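J.: need coordinates for the below:
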Amino acid sequence: MIRVAIIGTGIGREHLAGYDTLPDRFTVTTLCDLDLDRARGVAGDRPIAVTDDLDAVLDDEAIDLIDVCLPPHLHVPTATRALQAGKHVVCEKPLALSLAECDALIGAAAIADRRVFPVFQYRYGIAMAQIRALKAANLAGRPFAASVETHWNRGPDYYANPWRGTWKGEAGGAVLSHAIHNHDLLCTIFGNATAISASTATRVNGIETEDCAAILIEHDTGALSTSSITLGAATDTTRMQFTFQGFTATSGSAPYAPVSTPWSFTARDPYTQADIDAVLADLDTPRAGFAGFFHAIADALEGDAGREVTLQDGRQSIELVTAAYHSARTGQRVSLPLTEAAPLYRSWLPDLAAAP
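T.: Here you go, the predicted structure:
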């Protein structure tokens, strides 16, 4: 049994619901939040301790895993402290606010000999099982091109919170905060990004950070993908389409869980459609969202690795954000991976990026 403390009960509420689906693998013993009333409300009638004392939580030898659900600027400092206390870590997105922070966290995890699992729960669901099964059956073939639309609606009410829409408070706009899960899916399905070309704009709201973007991603499989992002849509819609040599895969339009429902798969050669349909008909429905994410973590911690989100996956997500901001500001195509020599390695925040 893996014993968990959740730090922060905003998005932490959804994490707790995910752990609740796996009672034979996890027990959440503690919720830690400066807002004790909110934490008590999230705990409800569960036998969970509630505290605002992070030091006491980190000192508790009975806790195996710290789940960090705090504002972004606290992710790396809190995760690092948890590692130093001998805990494994789950960390909400964005994992870090620079590649320098990522690399420092990777170093801390190595020293502590503990694992860090960045939160990318979009990876888990029936559509991913469909794609993996078709690849295993040799029905996919080479990947060609893909598109993803993160077309959501965020207006004045959303930005009424004074830290939102600012570089200091939110550290980025739609590229960092809204599309990061979809970009992780693109790279999970099509391969690691090897080059980025991007344009960003602030068109919808009176904010500092971007609320629109267009990104071209080149993948190590030779495939290309495009990401269209706006916070000025009429509704919240996420739509994906992947073209392979063998078929075209098309998602639904659900905004926050794009692989939780089955996708459609259309064969390029009509004679293979029956083979595709036969593979899809034989699939069990896997755990989706946070339930699937945490299930993979439990497997990894118990020695059955391979389905979990890794710390390197988290670094690659921040690498993509860094490259997108660099490309948008310079008009240059940016090659990946990025090293310490990259211009925005230490920060993409405008003031810090311009500092010598």
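J.: give the contact list for the spatially most central residue of the chain.
T.: When CA atoms, centre = their mean is applied to the chain, the residue found nearest the centroid is Phe120 (3.3 Å). Listed by CB atoms under 8 Å, 6 or more residues apart in numbering, the contact set of Phe120 reads 93, 181, 184, 293, 309, 313-314, 317. Bear in mind the C-beta positions are built from the backbone N, C-alpha and C, glycine included.
J.: of all those residues, which two lie farthest apart?
T.: Within these, two members stand farthest from each other by CB to CB: Phe293 and Ser317, at 14.4 Å.
J.: adding secondary structure and neighbour count, write the contacts of Phe120 out as a markdown table.
T.: Converted to a markdown table, the contacts of Phe120 look like this (DSSP: H, G, I helix; E, B strand; the rest coil; neighbours: other CB atoms under 10 Å):
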| residue | secondary structure | neighbour count |
| --- | --- | --- |
| Lys93 | coil | 21 |
| His181 | helix | 20 |
| Asp184 | helix | 23 |
| Phe293 | helix | 24 |
| Val309 | coil | 25 |
| Asp313 | helix | 18 |
| Gly314 | helix | 25 |
| Ser317 | helix | 25 |
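J.: neighbours of the closest residue to Leu99 other than its chain neighbours, just the number please.
T.: Spatial nearest neighbour of Leu99, excluding adjacent residues (CB to CB, 6 or more residues apart in numbering): Tyr345 at 5.0 Å. The local packing of Tyr345 (other CB atoms under 10 Å) involves 19 other residues.
J.: quick one: contacts for Tyr345?
T.: Counting by CB under 8 Å, 6+ apart, Tyr345 has contacts 98-100, 322, 338-339.
J.: quick one: low-confidence parts of the stretch 201-350 of the chain?
T.: For the stretch 201-350 of the chain, applying pLDDT under 70 flags no range at all.
J.: okay, strands next: where are they in it?
T.: Counting by DSSP state E, counting those that start in this stretch, one finds strands in the stretch 201-350 of the chain at the ranges 212-219, 224-230, 232-244, 247-250, 264-267, 334-335.
J.: can you list the strands that the fifth one pairs with?
T.: The one in question is strand 264-267. In the sheet, strand 264-267 lines up against strand 247-250 (antiparallel) (DSSP bridges).
J.: then the second one?
T.: Within its sheet, strand 224-230 is paired with strand 143-153 (parallel), strand 212-219 (antiparallel), according to DSSP bridges.
J.: Ala110: which of those is closest?
T.: Ala110 lies closest to strand 212-219 among those, at 27.8 Å (CB to CB).
J.: flag every buried residue along that closest one.
T.: The neighbour-count check on strand 212-219 (16 or more other CB atoms under 10 Å) flags 212-213, 215-219 as buried.
J.: as JSON lines, those residues with distance to Ala281 would be great.
T.: Below are these laid out as JSON lines (distance: CB to CB, whole Å):
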{"residue": "Cys212", "distance to Ala281": "40"}
{"residue": "Ala213", "distance to Ala281": "38"}
{"residue": "Ile215", "distance to Ala281": "36"}
{"residue": "Leu216", "distance to Ala281": "36"}
{"residue": "Ile217", "distance to Ala281": "32"}
{"residue": "Glu218", "distance to Ala281": "35"}
{"residue": "His219", "distance to Ala281": "30"}
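J.: need the max-distance pair from those residues.
T.: The two members of the buried residues of strand 212-219 with the most space between them (CB to CB) are Cys212 and His219, at 23.2 Å.
J.: quick one: Ile6 from Gly12, how far?
T.: 4 Å (CB to CB, to the nearest Å).
J.: now do the shared contacts for those two.
T.: With CB under 8 Å, 6+ apart as the test, Ile6 and Gly12 both reach 31, 67, 69.
J.: that older thread, quick one, which of Ile6 and Gly12 is more surrounded?
T.: Ile6 (28 against 23).
J.: ok, the more buried one touching Thr30?
T.: Yes. Here Ile6 reaches Thr30: they are 7.3 Å apart, a contact under CB atoms under 8 Å.
J.: hey, what's in contact with both of the two?
T.: By CB under 8 Å, 6+ apart, no residue touches both Ile6 and Thr30.
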